[in-house]
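Undergrad: build me a model from this:
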Amino acid sequence: TDAATLQEWDRAGRRPLSHLARSGAAALVVVGAHPDEVSRWREEAKDEVVPFLVAAAEVRAERILTEVLDAVLDQQSEILERVEETHHILVEVMLAGGGLQDLCRRLAEFLGGAAMVTSSDGRVLAQAGSEQDLEAALALDCFDRTGRLITEREPVGIRPRDADNARRAMVTIAAGQTNH
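TA: Here you go, the predicted structure:
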């Protein structure tokens, strides 16, 4: 799009980058933007996890498409690296004979927040993270007042970017003879 369109959306009180993220846009390319606007929009795009590119007005469409595809592939590569590192942590803890507490500690360090392992019925078996992160996690709507994860309402997997619960994920770990 061009900078004028984004400026109109801003003046109308619409958040163009949030709208694009919710719509599933692969990236945003802005043509003819002022440097002050570019830095603000770049920060918003970073918050919304939307690749953001700036192009000069004379750039050909093929060049823009190539840049967009490169940005999307870079973003997907970063996601895959995080998934691979998480899997590596799980395998490393298991092979070293570590327990659930070790796994939570390593994941909390890597992900930068709280990590918990629950039983299949939602009882917390192990947890790690700062006191603030753990309190914030237990205050989420996915836990009942007793501290049990409400597994029957919590979907497995990563959430869509625009979901209220986008900053959490639940995975099933089947290890040994117990499911967590």
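Undergrad: so Phe143 versus Thr118, what's the distance?
TA: 10 Å (Cβ to Cβ, to the nearest Å). (C-beta placed from N, C-alpha, C; glycine too.)
Undergrad: got any residues that touch both of those two?
TA: Counting by Cβ atoms under 8 Å, 6 or more residues apart in numbering, the common neighbours of Phe143 and Thr118 are Leu149.
Undergrad: and the spatially closest residue to Arg63 that is not a sequence neighbour, how far from Ala174?
TA: Residue nearest to Arg63 in three dimensions, not counting chain neighbours: Ala55, with 7.7 Å by Cβ to Cβ, 6 or more residues apart in numbering. Going from Ala55 to Ala174 by Cβ to Cβ gives 47 Å.
Undergrad: who has more neighbours out of those two?
TA: Comparing Ala55 with Ala174 by other Cβ atoms under 10 Å, the one with more neighbours is Ala55, at 18 against 9.
Undergrad: any idea whether Leu125 is helix, strand or coil?
TA: strand (DSSP: H, G, I helix; E, B strand; the rest coil).
Undergrad: report pLDDT for it.
TA: As predicted, Leu125 sits at a pLDDT of 94.
Undergrad: that one and Gly97: what is the separation?
TA: 17 Å.
Undergrad: so for these two, which residue has more residues nearby?
TA: Ranked by neighbour count (other Cβ under 10 Å), Leu125 and Gly97 place Leu125 first, with 14 against 7.
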